[in-house]
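Participant: generate a structure from the sequence data that follows.
(2 chains)
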Amino acid sequence: GDSVTQMEGPVTLSEEAFLTINCTYTATGYPSLFWYVQYPGEGLQLLLKATKADDKGSNKGFEATYRKETTSFHLEKGSVQVSDSAVYFCALGSSNTGKLIFGQGTTLQVKP
Amino acid sequence: DAGITQSPRYKITETGRQVTLMCHQTWSHSYMFWYRQDLGHGLRLIYYSAAADITDKGEVPDGYVVSRSKTENFPLTLESATRSQTSVYFCASSENRPSNTGELFFGEGSRLTVL
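Facilitator: A predicted model of the protein is given here:
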């Protein structure tokens, strides 16, 4: 079945460091891919998305490119801030079920 | 206020008791979902609903019951709570089929502890 695998955390970075959070997927068909962010004490919110191969989603300085050849959708940011500390979830839209399938989440902690 | 709200935000109960978590959304979204969030498991879908009076099981439905008599409400009931149901529960809604848009709107969560 469809699935999403994220790199295990926690990831701890200093402010202004470069961020990469790896995400790979297994799916039939051509799923849409998403990154969600969960700030402390809050629900998840959509960060960015890409609906077809080679699309790049971007928002708030974060980017992710839909790579069909490597079945990946890695999240990147060039310079993280303390306020980026959160849990990040990769997700795919399953064309089989119509639902979102989430990865396990990766905790990011940014230190000043 | 507009949005999606969950209640209670925090609940402590005992094994065997019945617990109901409420979810209310003001957007008239067709789709509603219940997830549980646990360390090491991420988010797992419990139940979902595509419209009023239509519900279906997700990945981990055992021990839970849902209903959706009105579009805006989607309560989740634990009929006889067990310790393994200690978790943070999130309700979410979506206007369209989520695999297309990916845009789920989440509530702030309900933290349930079963003693």
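Participant: only C-alpha atoms for contact and neighbour calcs from this point on.
Facilitator: Noted.
Participant: pretty sure residue A:4 sits against residue A:94.
Facilitator: No - counting by CA atoms under 8 Å, residue A:4 sits too far from residue A:94 to count as a contact (10.7 Å).
Participant: overlap in contacts, the two.
Facilitator: Contact criterion CA atoms under 8 Å, 6 or more residues apart in numbering or on different chains; residues shared by residue A:4 and residue A:94: residue A:101.
Participant: more neighbours, the two?
Facilitator: Comparing residue A:4 with residue A:94 by other CA atoms under 10 Å in any protein chain shown, the one with more neighbours is residue A:94, at 23 against 20.
Participant: what's near enough to touch that one?
Facilitator: A:2, A:27, A:31-32, A:100-101, B:99.
Participant: and it, how close does it get to residue B:83?
Facilitator: Taking CA to CA, to the nearest Å as the measure, residue A:94 and residue B:83 are separated by 31 Å.
Participant: and the helix or strand of chain A with the lowest mean pLDDT, which strands flank it?
Facilitator: Here the helix or strand of chain A ranked lowest by mean pLDDT, DSSP states H and E is strand A:100-102, holding a mean of 90. Its sheet considered, strand A:100-102 pairs with strand A:86-93 (antiparallel) by DSSP bridges.
Participant: check contacts around residue 54.
Facilitator: All of this is about chain A. Taking CA under 8 Å, 6+ apart, one finds A:65-68 in contact with residue A:54.
Participant: actually, chain B is the one I wanted.
Facilitator: Contacts of residue B:54 (CA under 8 Å, 6+ apart): residue B:68.
Participant: can you map out the strands along chain A?
Facilitator: A:3-6, A:11-14, A:19-21, A:23-26, A:32-38, A:44-50, A:56-59, A:62-65, A:75-77, A:86-93, A:100-102, A:106-111 (DSSP state E).
Participant: how about the residues of chain A by chain B?
Facilitator: For chain A, the residues found near chain B under the criterion CA under 8 Å from any CA of the partner chain are A:31-34, A:41-46, A:49, A:92-95, A:98-100, A:102-105.
Participant: ok, 7 Å please
Facilitator: A:32, A:34, A:42-46, A:93-95, A:98-100, A:102-105 (CA under 7 Å from any CA of the partner chain).
Participant: and the residues you listed, which of them are buried?
Facilitator: Neighbour-count burial (16 or more other CA atoms under 10 Å in any protein chain shown) is assigned, among the residues of chain A next to chain B, to A:32, A:34, A:43-46, A:93-95, A:98-100, A:102-105.
Participant: so where's chain B shaky on pLDDT?
Facilitator: B:1-2 (pLDDT under 70).
Participant: got the residues of it near chain A?
Facilitator: B:40-43, B:97-100, B:102-103, B:105-109.
Participant: the strand of greatest length in chain B packs against which elements?
Facilitator: Assignment by DSSP E gives strand B:42-51 as the longest strand of chain B. Applying 3 or more CA pairs under 7 Å, 6 or more residues apart in numbering or on different chains; DSSP states H and E, one finds that strand B:42-51 contacts strand B:31-38, strand B:54-57.
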